[in-house]
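> Show me how the following folds:
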Amino acid sequence: MRRRFAIMFGIGIAAIVAIVGIILYVQRGAHVELTGQILKVRTAALDDRSSVAVLDFRFSNPADVNFVVRTVTVVLEQPDGNQLQGATVSELDAQRLFEGLPLLGQKFNRTLMMQEKITAHSSQDRMVAARFEVPVSALEARKRLLLRIEDVDGPITELSEK
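Numbers count the residues shown, from 1 in each chain. Got it, this is the predicted structure:
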């Protein structure tokens, strides 16, 4: 009787492990997340007390589901560890910014905007411009810039400047 119980218990445990393994295998692409890197950062002064940073970046969506952008923010991390959030610039204002500040060079990519769908298993190059209420010297002396992209369902992807 004891031996029969041990055999049945072992079969039950093996069945549970197999079912959990199958569920995890089937759900492997359901994790919503972007991966990528910041390729280039350009800075320029707007006036004595404010500046702009333009981030060109590449990202991909390895998941089986679309990533829908809720917000895009750029955060300046200063050498002392303080963080300042920049005011993200719209696509139309970014075009005017490049026209008005030739120091930034040319605009290579479209701006990543709110409510934009990033399809599953796709890769794209985009840009984001953000205004900071600090002089350009403080922006250039930064520790790093962080790009935060939030999905409408909650997950946040953070790309860091190297």
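> Following the chain past the helix ranked longest in the chain, name the next helix or strand.
If you go by DSSP state H, the chain has its longest helix at helix 2-26. Following helix 2-26 in sequence order, the next helix or strand is strand 35-45 (DSSP states H and E).
> Can you give the distance of the helix or strand of the chain with the lowest mean pLDDT from its chain's centre?
Sorted by mean pLDDT, DSSP states H and E, the helices and strands of the chain end with helix 2-26, the least confident at a mean of 84. On the basis of C-alpha atoms, centre = their mean, to the nearest Å, helix 2-26 is displaced by 40 Å from the centre of the chain it belongs to.
> And stretch 53-67, by the same measure?
Worked out by C-alpha atoms, centre = their mean, stretch 53-67 lies 6 Å from the chain centre.
> Quick check: end-to-end length of it?
25 Å (C-alpha to C-alpha, to the nearest Å).
> Now do the buried residues in that stretch.
Going by neighbour count (16 or more other C-beta atoms under 10 Å), the buried part of stretch 53-67 is A53, V54, L55, D56, F57, F59, N61, A63, F67. C-beta coordinates here come from the backbone N, C-alpha and C atoms, glycine included.
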